[in-house]
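K.L.:
From the sequence below, what's the structure:
(chains A and B)
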Amino acid sequence: MIYNYLKIAIRSLYKQLSYTAINVVGLSTGIASFLLIMLYIQYHLGFDSQIPDQDQWYRIVQIQQAEGVGEQHVALNMGPLSERLSDELPEVIDAVRVIDWGSKPVRAGNSFYNQNNVVWADPAVFRLFGIKLLLGDSSEVLNEPKSVVLCKTLAVKYFGSIENAIGQNLGFNNETGYVVTGIMNDQPLNTHLHIDMMVSYESALISFPWLSSWGSNSMPVYVKLIEGCDHKTVAEKINAGIMQHYKAHDMKNNPPLMYLQPVSDIHLHSNHIKFQINHKQGDYRLVLVFVVIALLIIFIACINFINLAIACSVKRAKEVGIRKVMGANRANLIYQFLGESVIISFMAILFALVLVELSLPEFNRLLDNSFSISFSSNFLFNIGLLLIWIFISLLSGIYPALFMSRFQAADVLKGIRTFKMGQSQSVSGLLSRALVVFQFLVAITLVFVVLVTNRQIHFALTKDLGYNYEKVLAVYLQGGDSKQKAALLKPAFQQLPGVKMVAAASFVNGVAGNQSTITTADSAATNLMARFGYVDEDFFPLMEIPIVAGRNFSHDFPNDHNQSVILNQAAVAYFGWDNPIGKVFNPMGMDTINKRIVIGVISDYHYYSIRHKIEPAAWILNPEDYYTLCVKYQAKDITQLTASLGEIWNSHYPDTPFEFVEASTRLKQQYQDDQNSMKLFTMFTFLSLLISVLGLYGLTALRVEQRTKEIGIRKVLGGSVEQIIRLIIREFLILVVMASVLAIPLGFYFSTRLLNQFAYAVDIGWFDVFAALALTTTVALTTIIIHARRAALANPVKSLKYE
Amino acid sequence: MIKAEKLTKIFRTDEVETTALNAVSFEIKRGEFVAIMGPSGCGKSTLLNILGLLDNPTTGGYYFLDNEVSKSTERQRANLRKQNIGFVFQNFNLIDELTVFENVELPLIYLGMPSRDRKKRVDEVLAQMQISHRAKHFPLQLSGGQQQRVAVARAVVAKPALILADEPTGNLDSAHGEEVMNLLNDLNVNGTTIIMVTHSQRDAEYSQRVIRLFDGQIINENIKKSFV
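P.N.:
As a prediction, this is how the structure comes out:
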């Protein structure tokens, strides 16, 4: 019997080739989108899964009450904390400190490499990340200062083989004497802390002895708790007990409140954390959005199947009747129709896999990833495919199967039509209409949100950020001794033709990334949590940042480097000063000696993304902290300019690689994730609209076919082509209009939620509503008119004969 | 074999109530060939649907093979039907997507007969109906007469005790119509009970008894002398 079902299923699918094609194309597009999104979600959910005993590991996070900024969560901690935790809390069985050393120039033999993902770490890091050593003993390799563990790829790159690498010397900047003591496996890419090279934590203490103090808030600290232990209880103990050590160090301020964040939450649930190390950080909200989109797309594709099956049921009614007369019971027919949906779903899955394979390169390029379909190694994927098959077969097949198997043989054979979509009183007719409304509701809402977010991204990329970073190159002063490099290179760069101006700064955006409290020196002694920036006197003019009060740093004031500070308007606003010039601060930042006088106020500019409000910041002229030279150029061809800059660099520092980046490129990178998500979002929205339109196309065709006789009679009785087109359009346009009415508030709601993530956002206007409606209605209308016109122009004699 | 007691069938729509059959009673014995005649709309097909267990009467009793089936569920009716009744329709009602062989095979599939037995039986019937050479063709590739032969083959393949024919020659020319009537007659001679709805007096001549309906009621039962 199954063979018979298959046979008739395949034949009837073949017979109605165009509807089969619509079903298969719609479903396969839906499934392909679903699979791509699932790969993306699997990637995000798989983050840090290599960590053994993942449920026992936590990252310690502080809640700081920052004056002028408000409450902020910070996942960096003090050096001594980890030792105290291990010693004083029986619940803590392991603790690890890891400091991101960032990008470093490494000397291996006679070669230099710019090396990313270098960390200082405690030996316990092997236990935390489940890192396996290929050579060396994990309990020994990071015990001594200046000992280094390389990943396999680096060992081979630097020394030819892992065996050769052991015992070799490495140099960082000007420091030498580092020794390779171990080789580890290459670490997976989907981990929040990607490590290519580890240097013993003890080495960091040589260069930065202050890391041993309670004031060193600069490293993530992870702890492993005993099994079944409540992390909240441990956090309470830390706050009540351990932080007493902090109080002893800092008598003035209350210690921050600590809590433990499960490592499994780090990747997707850390958006609220301000300072942290989180490689390729994700956002659970985005994952959730894509899950919903994936389900909606699949559902929309299934709706096509359901609607087309119901619409085609008139044609299949005779078969149902005959089968019932021949002895088929309802179950037989349900199995048969379900069988057809199983076959269509299977075909759709095969096509979907081809579509996924074809689109993966572009998808990977968009997400800077390397997703692939692997039947052999991705067990979840295979299970997922099977579940999708079952789910889609049932979702799309069950209603048509129940509906068609209910036909009464006597009625069908007598020629009574059990169903017509136009008959609004029929349950199936209502369902079909409701499903079409739902499809367009989803499509219009998505289009609405896409239009708004596209405008927001455009706004972010083109907004006047308060400074002009166009035609600025950022040259990284790497390789140590940046002060000397800045002093030497700045005048040399300045001489080059095409260079307008050169300025030194901690980073191209003018801030250093760190933040600490500054205190006024007056009797009121007001505190403010401020960002720090280290710039020379040319930075603000180069970036065209206006000085709104007082003056800029100047060579004319030789004490500016140790006596002056410039604030932004946000800092001044916090203090509520009408005239901030001349106000005095206690020593700030790393300087513990000199009080600083406010000499100027600059206009607020967005040194970070417009996702965040501009925070109070203080700028100090401090050559020790210049790590970037900003080169403003007027040359059209920067190839020649960068070559000349490189020549100058190499003539002074032949051992250190010359590295630069366009400031605009670097600053726009902070919106790269937004842009990529946006592209994905747009792509899937387009697909959902396409699938909806495809369904509408098929449904209109069937509906027009069903109304052939009516159209013929109307024409015979004098109906004009326009009247008949209007008649058909009205039936479907009402549905699209209903969907539009429902979609507008939904679109507003979701767009507003999306924009809430940005401190500075575009306004949602009627333009968005109009554009979304115009786009979807035009597409829908065009689809309907194609069929309506054909039906209206047909010869009525033929139509009536056909019936 | 069949006993109808005051069978009534009323069709209701929102505003209209139509009585298609009005207290119809009769009996049909095994091996009879009965023709049901009457003008369009007199309730012939409604009666045939009830007799064929495709529909239930609104009121009245219907005994099929000594079972009272007027209140049977669809499943019970389907079971009785597939084992005992074959149908022949005016418009053939073959499934266009199945070949001749597959159409004829269908009732056997629903009876759960093993594939090898099915093939043997279908081959037999196709040979009997002289249509074996068309076994692999689809219905739309056949003439009307050939399609009706296939329909008759399908009706008899499960060796039913009763064949219900609804205007079996209505869509055929006279030569093909006669062929089909001869087939039905042969089946009746071999013991199959046949109930046939027809407009054609000529076809009714093949029957042993004619039941005449008018406005849902039996107005005349004419038993031929030869049969008495």
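
K.L.:
What's the local residue count around the closest residue to chain A within chain B?
P.N.:
Nearest residue of chain B to chain A (CB to the nearest CB) works out as B:K82 at 2.4 Å. Where C-beta positions appear, they are placed from N, C-alpha and C, glycine not excepted. By the measure other CB atoms under 10 Å in any protein chain shown, the count of residues near B:K82 is 25.

K.L.:
okay, now the nearest residue to it once chain neighbours are set aside: neighbour count?
P.N.:
Of all residues not flanking B:K82 in the chain, A:G327 sits nearest, at 2.4 Å (CB to CB, 6 or more residues apart in numbering or on different chains). Residues lying near A:G327 (other CB under 10 Å) number 23.

K.L.:
The one 3 residues further on now?
P.N.:
Other residues near A:R330 come to 18 when the count uses other CB under 10 Å.

K.L.:
and it, what does it touch?
P.N.:
A:405-406, B:74-75 (CB atoms under 8 Å, 6 or more residues apart in numbering or on different chains).

K.L.:
and if we set it to 6 Å?
P.N.:
A:S405 (CB atoms under 6 Å, 6 or more residues apart in numbering or on different chains).

K.L.:
Could you tell me how many residues sit around the residue nearest to A:A474 when sequence neighbours are not counted?
P.N.:
Nearest non-adjacent residue to A:A474, counting by CB to CB, 6+ apart: A:V508, 3.9 Å away. Residues lying near A:V508 (other CB under 10 Å) number 26.

K.L.:
Chain B versus A:V508, what's the distance?
P.N.:
Distance, A:V508 to chain B, using CB to the nearest CB, to the nearest Å: 70 Å.

K.L.:
Repeat that for A:R753.
P.N.:
For A:R753, the distance to chain B (CB to the nearest CB) stands at 48 Å.

K.L.:
Quick one: mean pLDDT over the regular element (helix or strand) spanning that residue.
P.N.:
Using DSSP states H and E, A:R753 falls within helix A:721-755. For helix A:721-755, mean pLDDT rounds to 88.

K.L.:
cool, and stretch A:604-619?
P.N.:
Averaging pLDDT along stretch A:604-619 gives 88.

K.L.:
Over to stretch A:511-520?
P.N.:
83.

K.L.:
which residues sit against it?
P.N.:
Contacts for stretch A:511-520 (CB under 6 Å, 6+ apart): A:506, A:525-534, A:585-586, A:588, A:607, A:618.

K.L.:
Among the residues you listed, which one has the most neighbours?
P.N.:
Of those, with other CB under 10 Å as the count, A:A530 tops at 30 neighbours.

K.L.:
Now find how far off-centre stretch A:49-61 is within its chain.
P.N.:
Distance of stretch A:49-61 from the chain centroid (CA atoms, centre = their mean, to the nearest Å) equals 22 Å.

K.L.:
now stretch A:549-558
P.N.:
Offset of stretch A:549-558 from its chain centre (CA atoms, centre = their mean): 42 Å.

K.L.:
Span of that stretch from start to end?
P.N.:
This stretch, stretch A:549-558, spans 20 Å end to end (CA to CA, to the nearest Å).

K.L.:
Go through the helix holding A:R753 and flag the buried ones.
P.N.:
A:724-725, A:727-729, A:731-732, A:735-736, A:738-740, A:742-744, A:746-748, A:750-751, A:754-755 (16 or more other CB atoms under 10 Å in any protein chain shown).

K.L.:
Check stretch A:121-138 too.
P.N.:
Neighbour-count burial for stretch A:121-138 [16+ other CB under 10 Å]: A:121-131, A:133-136, A:138.

K.L.:
for stretch A:286-295, same thing?
P.N.:
The neighbour-count check on stretch A:286-295 (16+ other CB under 10 Å) flags A:286-287, A:289-291, A:293-294 as buried.

K.L.:
Skipping adjacent residues, who's closest to the residue nearest to the spatial centre of chain B in space?
P.N.:
For chain B, the residue sitting closest to the mean C-alpha position, by CA atoms, centre = their mean, is B:L164 at 1.4 Å. With sequence-adjacent residues excluded and distances taken as CB to CB, 6+ apart, B:L164 is closest to B:G52, at 4.6 Å.

K.L.:
Tell me the pLDDT of that neighbour.
P.N.:
pLDDT, read off for B:G52, is 89.

K.L.:
Could you double-check that it lies in contact with B:D166?
P.N.:
No - using CB atoms under 6 Å, B:G52 is not in contact with B:D166; the gap is 8.8 Å.

K.L.:
picking up where we left off before, now, the buried residues of stretch A:121-138 that are in helices?
P.N.:
Counting by DSSP state H, these place A:125-129 in helices.

K.L.:
Can you tell me which of those residues is nearest chain B?
P.N.:
A:F129 (60.8 Å).

K.L.:
how would you label the nearest residue to the closest one once chain neighbours are set aside: helix, strand or coil?
P.N.:
In space, and not counting its chain neighbours, A:F129 is closest to A:I51: 6.0 Å by CB to CB, 6+ apart. At A:I51, secondary structure determined by DSSP: H, G, I helix; E, B strand; the rest coil is coil.

K.L.:
who's in contact with A:I51?
P.N.:
Contacts of A:I51 (CB under 6 Å, 6+ apart): A:57, A:130, A:263.

K.L.:
give me that answer again for 7 Å
P.N.:
If you count contacts by CB atoms under 7 Å, 6 or more residues apart in numbering or on different chains, A:I51 has them with A:57, A:128-130, A:263.

K.L.:
Likewise for A:H231?
P.N.:
Neighbours of A:H231 in contact, by CB under 7 Å, 6+ apart: A:58, A:225, A:260.

K.L.:
wait, the second one sits on A:D94?
P.N.:
To tie it back to what came earlier, the one meant is A:L225. No - A:L225 lies out of contact with A:D94 (CB atoms under 7 Å); the separation is 8.8 Å.

K.L.:
Which of those two has more residues huddled nearby?
P.N.:
A:L225 (21 against 18).

K.L.:
So what sits opposite the more buried one in the bridge?
P.N.:
A:V92 (DSSP bridges).

K.L.:
ok, it to chain B distance?
P.N.:
From A:L225 to chain B the distance is 62 Å (CB to the nearest CB).

K.L.:
do the same with A:M404
P.N.:
Distance, A:M404 to chain B, using CB to the nearest CB: 14 Å.

K.L.:
distance between the helix or strand where that residue lies and the chain's centre?
P.N.:
Counting by DSSP H and E, the element that carries A:M404 is helix A:379-405. The chain centre lies 31 Å from the centre of helix A:379-405; the measure is CA atoms, centre = their mean.
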